[in-house]
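In: Sharing a sequence plus its predicted fold:
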Amino acid sequence: MNTRPALFLPLLLAISAGLAQAGKATGGTTASLATPTAQAWMHTDVGAAWSQGYKGQGITVKLVDDFSSTSTYSGNLGDGSANKRHGEWTLKEASMIAPSATFKTHDLSNTSSVGLSRGLNVLNASYGSYGPAGLNASTLVFTPRDSSIIGYASSGSAVVSKAAGNDGVPIGSAGTMGVDYLNVALRGTASAIYVGALSNNGSTIVPASLASYSNTAGTDTVVQNRFLVVGVEGGQTGLYGTSFAAPVVSGYAAIVGSKFTRATATQISNQLLNTARQDTISNYSATLHGRGEASLSRALAPLSIK
């Protein structure tokens with residue numbers, strides 16, 4: 001199978017998941033931002049959560065991504081234009097949303113198991129593991145990296161925020177690189193969330209539309225129940241793709257976890273799914289948008305969660 005960042009850009013780095021050599025960059029930790037600034041590309045719910053004191057403190061977010069290749073992309077998350085690797089952008093985005101969380105990295109070239117930290121863990125997977133259509137996912141041999149992610153999602157050991165993909169097809173269907181079998185293997189797990197992209201953050205006044213590139217939930221109700229969408233403001237940042245939707249949900253999960261400090265990964269993922277909005281989406285459909293647009297304010301609203 002092939003592994004690639006789930007990024008909507010014409011040139012993509014394709015890495016063989018079966019042949020990739022064990023790499024470095026497996027445990028880097030980023031410092032929290034001293035004075036976080038709400039950016040225009042963020043949903044207004046983010047700044048509101050910060051004002052209540054919820055910034056992801058006590059939560060570990062690990063991004064499994066490309067931190068070592070020579071491929072870079074131009075973007076601007078509000079603090080100036082830069083060229084960064086795919087993983088450097090997803091890391092930066094998630095850390096700007098949940099500035100008090102602890103962030104760690106696992107490079108895609110490292111096919112060993114992804115490690116977890118104490119406490120609540122959030123794993124961001126802005127990539128796919130691709131193969132030809134027609135394979136039986138239950139008999140596939142995944143790398144230890146992917147197998148560990150699938151295992152954590154199955155056992156509810158970590159929130160897994162998985163980029164839905166950028167072929168404009170339902171989860172589990174073949175796109176330009178084939179079928180993303182990591183998506184297939186995460187179907188029905190306890191704490192995974194598929195994340196699709198809206199063209200912008202939605203509101204009841206100006207509902208958002210699904211981004212033309214975004215994969216969809218499809219007709220499978222099991223997938224629909226684990227599928228969220230968020231705005232990807234590529235017109236402001238220069239960064240397009242569900243790769244940049246998943247880190248938003250990772251940041252949201254960390255923020256929600258910093259309020260509900262005794263909640264499990266399954267409870268956090270379900271809280272985000274159960275509080276999603278449909279009234280901020282133009283022509284909402286479960287087959288396209290799953291549960292709807294993630295709503296940080298609604299997820300934080302109750303005094304406790306079950």
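Out: Perfect, I can see it now.

In: Need the pLDDT of the residue most central in space within the chain.
Out: Centroid-nearest residue in the chain, with Cα atoms, centre = their mean: residue 246, separated by 2.0 Å. In this model, residue 246 is scored at 98, pLDDT.

In: Do I have it right that it meets residue 93?
Out: No - Residue 246 is beyond contact range of residue 93, at 9.3 Å (criterion: Cβ atoms under 8 Å). (Each C-beta comes from the backbone N, C-alpha and C, glycine too.)

In: For the residue nearest to the centre of the chain, list the residues it contacts.
Out: 6, 90, 124-126, 161-163, 195 (Cβ atoms under 8 Å, 6 or more residues apart in numbering).

In: again with residue 288
Out: 210, 216-217.

In: how about a cut-off of 10 Å?
Out: By Cβ atoms under 10 Å, 6 or more residues apart in numbering, residue 288 lies in contact with 170, 196, 209-210, 214-218, 224, 227, 229, 281.

In: Repeat that for residue 53.
Out: By Cβ under 10 Å, 6+ apart, the contact list for residue 53 reads 100, 258-259.

In: Tell me the spacing between it and residue 198.
Out: Distance, residue 53 to residue 198, by Cβ to Cβ, to the nearest Å: 28 Å.

In: And the pLDDT at the closest residue in space to residue 174 that isn't next to it in sequence?
Out: Nearest residue to residue 174, sequence neighbours excluded (Cβ to Cβ, 6 or more residues apart in numbering): residue 133, at 4.2 Å. With respect to pLDDT, residue 133 scores 96.

In: Would you mind giving the secondary structure of the nearest residue to residue 81 once chain neighbours are set aside?
Out: Nearest residue to residue 81, sequence neighbours excluded (Cβ to Cβ, 6+ apart): residue 74, at 6.5 Å. Secondary structure, DSSP: H, G, I helix; E, B strand; the rest coil: residue 74 is strand.

In: And residue 74, how far from residue 212?
Out: 21 Å.

In: now swap in residue 92 and tell me
Out: 25 Å.

In: ok, the two, which is more surrounded?
Out: Under the neighbour definition other Cβ atoms under 10 Å, residue 92 and residue 212 were set side by side, and residue 92 has more, 20 against 11.

In: Checking the residue lying closest to that one once chain neighbours are set aside next. Helix, strand or coil?
Out: Once flanking residues are discounted, residue 92 sits nearest to residue 77: 6.0 Å by Cβ to Cβ, 6+ apart. Put simply, residue 77 is coil when judged by three-state DSSP.

In: Isn't residue 77 up against residue 89?
Out: Yes - look at residue 77 against residue 89 with Cβ atoms under 10 Å: they come within range, at 7.8 Å.

In: which residues are in contact with both of these two?
Out: 237-239, 244.
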